[in-house]
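>>> The sequence isn't on hand, but the structure is:
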């Protein structure tokens, strides 16, 4: 018997058997031939948002949330254990230590997933929330709202500690109202060692979607939030407040871009680009060191709410979408694997020109029974063998993994 098949059988045997009301523990997707495994036992459990690092620094464990708090999954044995109990909002897993960072009440804290050692780092600024942790875990990044103006952000219910999985029904209206409010905001950092809070940018634009570079502790990505066709969304800033850079400039009416995330090497920012909205689809990349741009084209059905990339940058994945999403895809409800191919340049060698290419897609999981108010938020495991996603295809939300290689096919190239 093939070694991979033996390994899968052993892993399946190590998992608790599914109860009568639970989804199956493991199955082969009849439409794709790929093996899917349910990774969590708790109804209402979820993997992290697509651009939040959910894997521990040693690459052996995955952080996930439950209605009771934060838990951790051993990626080899599938053993799980609670790490933080209570109503909290997870931030990220650290890239240097085994810490998971989270907001509880009016403070941000960290807990070592191996030892359980917990530390309160700092109190939050008034009306503030921490969203990201830098590469060497010396700084936290977040935003606050000044004054008493109403926060229309339905993604952030009252209290910074609350975690909401499903998208609000009135999200479009909320986005319009929040953008129009022009609430004064501050973008800040917190020193993990001293707890010092330092404001590095003030604006009446809606500041959101912060994510530190995974390799450069001083580089922070952020966005001007709002309806994508009305904002210049993508920016970077240094942690001393310098070097504010706009990443993408609109070139046509109704061009939209967003859902940005970092390549693991910290050199490239990737983002969903549509030229114009709902018509032509790209995953676009911007090299923060050279300014070089790379765009990969996708078909309508291949467009995904979120994309992600392996740590070596060789494979991408997407979580698809139903006809109600911006792409209006008639057959887009799939978890996808993408193999990128750049077109050969036989013309002008001009570094200011965009390197264009295409994604070659492979369907991994049929998601026709998934309700897309819950975004699947795909990510690759550190060994790039599995694509992890959250789904309500069986009713309650659980975390699932789909194997990149088909059983018996060997490791995908």
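Yes, it's here. Small disclaimer: the values here were computed from a predicted structure and weren't measured.

>>> residue ranges with poor pLDDT in the stretch 151-300 of the chain?
Scanning the stretch 151-300 of the chain for pLDDT under 70 picks out 152-164, 167-169.

>>> Show me the strands in it, by range?
Listed in chain order, the strands of the stretch 151-300 of the chain (DSSP state E, counting those that start in this stretch) span residues 185-191, 197-203, 207-212, 219-224, 234-238, 245-246, 256-262, 268-274, 281-287, 293-298.

>>> and the most centrally placed residue in the chain, which of the three is it?
Note on the chain: the residue nearest the mean C-alpha position is residue 50, at 1.4 Å, using C-alpha atoms, centre = their mean. For residue 50, the assignment made with DSSP: H, G, I helix; E, B strand; the rest coil gives coil.

>>> OK, contacts around it?
Counting by C-beta atoms under 8 Å, 6 or more residues apart in numbering, residue 50 makes contact with 259, 261, 306-308, 319, 375, 377-379. From N, CA and C alone the C-beta is placed, and that goes for glycine too.

>>> max-length strand in this protein?
As assigned by DSSP state E, the longest strand anywhere in the chain is strand 355-366.

>>> Give me the next element, helix or strand, following that strand.
Under the assignment DSSP states H and E, the closest C-terminal helix or strand after strand 355-366 is strand 379-380.

>>> For that next one, name the packing helices and strands.
When contacts are defined as 3 or more C-beta pairs under 8 Å, 6 or more residues apart in numbering; DSSP states H and E, strand 379-380 packs onto strand 307-309, strand 386-391.

>>> What's the mean pLDDT across it?
Here strand 379-380 scores 98 as its mean pLDDT.

>>> Partner strands of it, with direction?
Strand 379-380 has its sheet partners listed here by DSSP bridges as strand 386-391 (antiparallel).

>>> what angle separates the partner strand from strand 355-366?
Going by axes from the mean of the first three to the mean of the last three C-alpha atoms, to 10 degrees, strand 386-391 is angled at 60 degrees with respect to strand 355-366.

>>> Output the contacting helices and strands for the next helix or strand after strand 386-391.
Using DSSP H and E, the helix or strand that follows strand 386-391 towards the C-terminus is strand 398-403. Applying 3+ C-beta pairs under 8 Å, 6+ apart, one finds that strand 398-403 contacts strand 35-38, strand 355-366, strand 386-391.

>>> Residue 327 is nearest to which of these?
Proximity to residue 327 (C-beta to C-beta) singles out strand 355-366 among the helices and strands packed on strand 398-403, at 13.6 Å.

>>> what helices or strands is the closest one leaning on?
strand 293-298, strand 334-342, strand 398-403.

>>> List of residues touching the last one?
The one in question is strand 398-403. 8, 23, 29, 34-40, 42-43, 45-47, 64, 73, 335, 364-365, 381, 385-391.

>>> same thing with the first one?
The list of residues contacting strand 293-298 from outside it, by C-beta under 8 Å, 6+ apart, reads 268, 273, 280-287, 316, 338, 340, 342, 354-359, 361.

>>> What pairs with it, parallel or antiparallel?
Strand 293-298 has the following sheet partners, assigned by DSSP bridges: strand 281-287 (antiparallel), strand 355-366 (parallel).

>>> Can you tell me which of the ones you listed is packed in deepest?
Ranked by mean neighbour count under mean count of other C-beta atoms under 10 Å, the strands paired with strand 293-298 are led by strand 281-287, which reaches a mean of 21.

>>> Other residues contacting that strand?
Residues contacting strand 281-287 (C-beta under 8 Å, 6+ apart): 234, 247-248, 257, 263, 267-275, 292-300, 302-303, 307, 316, 327, 338, 359.

>>> Next: stretch 41-49.
With C-beta under 8 Å, 6+ apart, stretch 41-49 has contacts from 16, 22, 54, 62-68, 71, 80, 90, 92, 165, 377, 379, 388-390, 396-399.

>>> That one: how far from the chain's middle?
Relative to its parent chain, stretch 41-49 has a centroid offset of 14 Å by C-alpha atoms, centre = their mean, to the nearest Å.

>>> so residue 189 touches residue 143, yeah?
No: using C-beta atoms under 8 Å, residue 189 makes no contact with residue 143, being 10.9 Å away.
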